[in-house]
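> Please work out how this folds:
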Amino acid sequence: MSRKSARLFVLLSILLSLLAFIFNIIALLSPYWKFVRLHPQQNLQIIDNHIDPLIRAEVEKFFDLMHHRDTHYFGLYKHCLQYTTPKKLLNTVSSSQQTKCGHNYVPVFNDNDFEICHSVERHRYCIFHSTSTDDSELSQESLAKCQCNSPNYISVSKVLLTLTIIFLSIGILINILRLWSMKQKLLINDIQLRLLSIISSLFIILFSIIIITYQNSNKKYETLEFFDSLRRHYSRIQIYKFSNHLTTIIERFEQILDIKLGSSFMLVTFGLSFAFIAFLLSAVVEIKPLKLTVTTNKNSKSNEYQNHNQTMFINHHSTTNHNHTNSTYIPQIRYPKQTKV
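Now for the predicted structure:
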């Protein structure tokens, strides 16, 4: 491959890696990984008379506080709630959409503290506790014993996405050094730089695939965690009637959920595609140092000059021999004239 083509390939690799770097930073900070709402055209009844009244009361309270014509959208750091509020203007009633954002947190507690920590109020408090000081509905014991943390898959995704951004920056730096080596000799050669670039690209691709898989497989986690933690608790204490009722509620709830993956998820997907193309462009290019090429050219010119001199010498020598052969003196034998006696 010519030096011009190699330079073009590495420049394209840097450009694609830079785009992937920007996309991943936006995805890390933006709250648009997924959108969750109740399907507007689905009228399936979640609770009926067969559900225990205690479970039924919890479900109704949850929907009134968390999913009453609201749209939830989630990020790695934020959980935002978009809701509609009615406004009265003279004799007309209009509505306006408002957005309230908090943390993407869920309640975390020991099973011994289940009665204290598991409630709809606690679930909502974990999301909006940084934006609201109204915790009057929560007891002091609840505030002391119960914690709010990110879901495990969110914590893993944040770490992996941060590492992906770091490896992308390393890959960009390595390819810049490879371009620099075309003009100036470095302490490390291109083969070693290319090997480091390949290793960083493989980590980027691996981490991005894990993030996409985690996000896609856990897209219902935050929405169903309230009921799923109830079901696990009643299974542990062997109240299987409540556990079965909650399983039925979860199955019905899943049928009326409208979940869409958002722009942040798509940005990470595009970043993975760009990183893979950049990996292919960078891996196939071998850059030879400039001084090696100059020395090679000088050697080739020197060899051509020596060959030319040798050719001239041989031609001159053969011409000289030819002239020498033509000018060699050949003796002639002359017989003296004989006279008759």
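> so what secondary structure elements neighbour the host helix or strand of residue 250?
Secondary structure assignment for residue 250, by DSSP states H and E: helix 240-255. Applying 3 or more C-beta pairs under 8 Å, 6 or more residues apart in numbering; DSSP states H and E, we find helix 240-255 packed against helix 53-66, helix 221-236. For every residue, glycine as well, the C-beta is placed using N, CA and C.
> Output these as TSV; include the columns mean pLDDT.
TSV is the format used below for the helices and strands packed on helix 240-255 (pLDDT from 0 to 100):
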stretch	mean pLDDT
helix 53-66	87
helix 221-236	92
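> how about these, which one is nearest residue 146?
In terms of C-beta to C-beta, the element of those nearest to residue 146 is helix 221-236, at 12.2 Å.
> Flag every buried residue along that closest one.
Under the neighbour-count criterion of 16 or more other C-beta atoms under 10 Å, helix 221-236 has 221-223, 226-227, 229-231, 233-234 buried.
> which one of these is nearest residue 17?
Each of these was checked against residue 17 using C-beta to C-beta; the closest is residue 221, at 31.2 Å.
> for the closest one, what are its contacts?
Contacts here follow C-beta atoms under 8 Å, 6 or more residues apart in numbering; on that basis residue 221 touches 151, 153.
> how close does it get to residue 228?
With distances taken as C-beta to C-beta, to the nearest Å, residue 221 is found 8 Å from residue 228.
> Next: residue 158.
Distance from residue 158 to residue 228, counting by C-beta to C-beta: 22 Å.
> Next: residue 249.
Counting by C-beta to C-beta, the gap between residue 249 and residue 228 amounts to 10 Å.
> do the same with residue 105
16 Å.
> swap in residue 180?
From residue 180 over to residue 228 the distance is 54 Å, taken as C-beta to C-beta.
> what does residue 48 give?
Going from residue 48 to residue 228 by C-beta to C-beta gives 20 Å.
> Next: residue 123.
The gap separating residue 123 from residue 228 is 12 Å, by C-beta to C-beta.
> ditto for residue 176
With distances defined as C-beta to C-beta, the gap from residue 176 to residue 228 amounts to 48 Å.
> Tell me which residues of whichever helix or strand residue 200 is part of come out buried.
Taking DSSP H and E as the criterion, the element that holds residue 200 is helix 190-217. Taking 16+ other C-beta under 10 Å as the basis for neighbour counts, the residues of helix 190-217 that come out buried are 190, 193-194, 196-197, 200-201, 203-205, 207-208, 211-212, 214-215.
> Over to stretch 60-80?
Those would be 62-63, 66-67, 70-80, for stretch 60-80 by 16+ other C-beta under 10 Å.
> hang on, the earlier thing: which one of the helices and strands packed on helix 240-255 lies nearest to residue 25?
helix 221-236 (23.2 Å).
> what inclination does the closest one have with respect to helix 190-217?
60 degrees (axes from the mean of the first three to the mean of the last three C-alpha atoms, to 10 degrees).
> now could you export just the CA positions of helix 221-236 as CSV?
Below are the C-alpha coordinates for helix 221-236, written out as CSV (Å, rounded to 0.1, in the frame of the first residue of the first chain):
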residue,chain,number,x,y,z
TYR,A,221,-36.3,-3.5,35.0
GLU,A,222,-37.2,-0.2,36.7
THR,A,223,-40.8,-0.4,35.7
LEU,A,224,-41.4,-4.0,37.1
GLU,A,225,-39.0,-3.8,40.0
PHE,A,226,-41.6,-2.7,42.5
PHE,A,227,-43.8,-5.7,41.8
ASP,A,228,-40.9,-8.1,41.3
SER,A,229,-39.4,-7.3,44.7
LEU,A,230,-42.9,-8.0,46.3
ARG,A,231,-43.1,-11.3,44.5
ARG,A,232,-39.6,-12.3,45.6
HIS,A,233,-40.3,-11.4,49.2
TYR,A,234,-43.5,-13.4,49.4
SER,A,235,-41.8,-16.4,47.7
ARG,A,236,-39.1,-16.3,50.4
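> Now do that helix against helix 53-66, angle only.
Using the same axes, to 10 degrees: helix 221-236 against helix 53-66 is 160 degrees.
> Can you give me the separation between the most centrally placed residue in the chain and residue 202?
In the chain, the centroid-proximal residue (C-alpha atoms, centre = their mean) is residue 208; its distance is 4.0 Å. Using C-beta to C-beta, one gets 11 Å for the distance from residue 208 to residue 202.
> Helix or strand next in line after the helix holding residue 250, which one?
Next along from helix 240-255, by DSSP H and E: strand 257-261.
> what about the residue nearest to the centre of the chain, distance to residue 262?
Noted for residue 208: a distance of 17 Å to residue 262, by C-beta to C-beta.
> try residue 161
From residue 161 across to residue 262, the span is 15 Å (C-beta to C-beta).
> which stretches of the stretch 51-200 of the chain have low pLDDT?
Counting by pLDDT under 70, the stretch 51-200 of the chain contains low-confidence residues at 69, 86-95, 130-143, 182-187.
> All the strands of it, residue numbers only.
71-74, 78-89, 92-103, 106-108, 147-149 (DSSP state E, counting those that start in this stretch).
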